[in-house]
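In: pasting a predicted model and its sequence here:
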Amino acid sequence: MNSSLSIFRKVAVAEGISYLLLLFVAMPLKYFANMPLYVKYTGWAHGLLFVLYAATLVMVWQEQKWKFGKTVLIFVASLLPFAPFIVDRKLKDERPENASRIL
């Protein structure tokens with residue numbers, strides 16, 4: 001199962017982890033321990049994964065023929081902590097025959 005959906009799910013989990021590391025590890029280190037370098041590198045990695053998340057989302061949207069609203073909802077999920085993990089769980093059993101199913 002090397003479809004774009006499988007790739008997207010992996011990117012979503014990585015993006016979610018990088019977001020949590022940025023919020024709950026790097027930022028506290030910056031503001032409470034005066035260690036701003038962690039935010040620089042974690043933020044860079046998170047930014048790269050966020051762009052990859054958006055790009056693979058567009059690929060999946062086209063391949064799976066999702067409705068626009070579903071795609072927007074999944075994109076908005078990338079902006080919320082923990083939401084990419086919920087998206088991954090919902091998409092776990094996604095198949096082309098039920099691709100238009102609303103989350």
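Out: Now that the structure is in, tell me what you want to look at.
In: only C-alpha atoms for contact and neighbour calcs from this point on.
Out: Will do.
In: which ones are touching Ala83?
Out: With contact taken as CA atoms under 8 Å, 6 or more residues apart in numbering, Ala83 is in contact with 16, 77.
In: typo on my end, it should be Val25
Out: Applying CA under 8 Å, 6+ apart, no residues contact Val25.
In: look up how far Phe75 lies from it.
Out: The gap separating Val25 from Phe75 is 24 Å, by CA to CA, to the nearest Å.
In: this structure: helices as residue ranges?
Out: Using DSSP state H, the helices found in the chain span residues 4-21, 27-33, 37-64, 68-77, 83-91.
In: now render these as CSV, adding mean pLDDT.
Out: Shown next, in CSV, are the helices of the chain (pLDDT from 0 to 100):
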stretch, mean pLDDT
helix 4-21, 96
helix 27-33, 96
helix 37-64, 96
helix 68-77, 96
helix 83-91, 94
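In: which one of those is the most hemmed in?
Out: Of all the helices of the chain, helix 4-21 has the most neighbours on average by mean count of other CA atoms under 10 Å, namely a mean of 21.
In: OK, contacts around the spatially most central residue of the chain?
Out: For the chain, the residue sitting closest to the mean C-alpha position, by CA atoms, centre = their mean, is Ala12 at 3.1 Å. Contact analysis of Ala12 by CA under 8 Å, 6+ apart lists 53, 78, 84-85, 87-88.
In: fine by me, we can end here.
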